[in-house]
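Undergrad: Have a look at this prediction, sequence included:
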Amino acid sequence: MSEEPEYELRLLETDDAKALNFLFKENKDSFKQYFPETYKQTKTIKASKALIEKAIELGEEKKTFYFGLFTTIHPELAGLVILKEIDLNNAEGEIAYCLAKRFRGRGWISEAVERIADYGFVNHNINHYKIITHNSNEKSIEVAQRTGFIWHSTLEKEFKPLRGKAQDMELYVLKK
């Protein structure tokens, strides 16, 4: 008997709006800090649906892909992995991710990041990836390092949180 996977990774669909809204409400404290734009766009189910509709359009244009990480036993949205800032001319893309606090520590995001990098390579010939994270986000740095990304440089004043001054961010890169 084979063991069933604990999660499924798939592109978001409009029917996922309620789950997306719940994910961001449930994890407001950390997601608001590290995903301020997405947080603002998920404040209601209607807004979450609009975000997903826009994400689907961006996917059709091969600019951005929003993948949901769904639990399989009691289906719910546990996190997101976003392949964004896609530049097909230069074979580049950025990977961003978030996971609900109660699902952390299982290796799901690391696995999902590897799968999304493979997806970008196989389906869109992307061979240069970046992850941008704040130096205080230790979990994100661990994911980048576990998945083969190497620290490249500090990006000065790269990120503007909802409140406060622009912050320096750390750039990690992966070449396939």
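TA: That came through fine. Numbers count the residues shown, from 1 in each chain.
Undergrad: shaky segments in the chain?
TA: Counting by pLDDT under 70, the chain has low-confidence residues at 1-4.
Undergrad: Which stretches in it count as strands?
TA: 7-11, 65-71, 77-87, 92-99, 128-133, 150-159, 167-175 (DSSP state E).
Undergrad: Distance across stretch 116-135, terminal residue to terminal residue?
TA: 23 Å (Cα to Cα, to the nearest Å).
Undergrad: can you check stretch 31-47 too?
TA: 16 Å.
Undergrad: For it, list every residue counted as buried.
TA: 31-35, 38-39, 41-42, 47 (16 or more other Cβ atoms under 10 Å). (Glycine included, C-beta is placed from N, CA and C.)
Undergrad: buried residues in stretch 122-134?
TA: 126, 128-134.
Undergrad: As CSV, those residues with distance to residue 110 would be great.
TA: Below are these laid out as CSV (distance: Cβ to Cβ, whole Å):
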residue, distance to residue 110
126, 19
128, 19
129, 14
130, 16
131, 12
132, 17
133, 14
134, 18
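Undergrad: just the residues you listed now: which is nearest residue 6?
TA: residue 131 (23.2 Å; Cβ to Cβ).
Undergrad: check contacts around the closest one.
TA: Applying Cβ atoms under 8 Å, 6 or more residues apart in numbering to residue 131 gives the contacts 94-96, 113, 140, 143-144, 149, 171-174.
Undergrad: Check the gap between it and residue 19 for me.
TA: 24 Å (Cβ to Cβ, to the nearest Å).
Undergrad: Ok, which of the strands of the chain comes nearest residue 59?
TA: Of these, nearest to residue 59 by Cβ to Cβ is strand 65-71, at 4.9 Å.
Undergrad: who does the closest one pair up with?
TA: According to DSSP bridges, strand 65-71 forms sheet pairs with strand 7-11 (antiparallel), strand 77-87 (antiparallel).
Undergrad: chain center to the longest one, what's the gap?
TA: Computed by Cα atoms, centre = their mean, to the nearest Å, the chain-centroid distance of strand 77-87 equals 4 Å.
Undergrad: For it, which residues meet the burial criterion?
TA: Under 16+ other Cβ under 10 Å, the buried positions of strand 77-87 are 77-83, 86.
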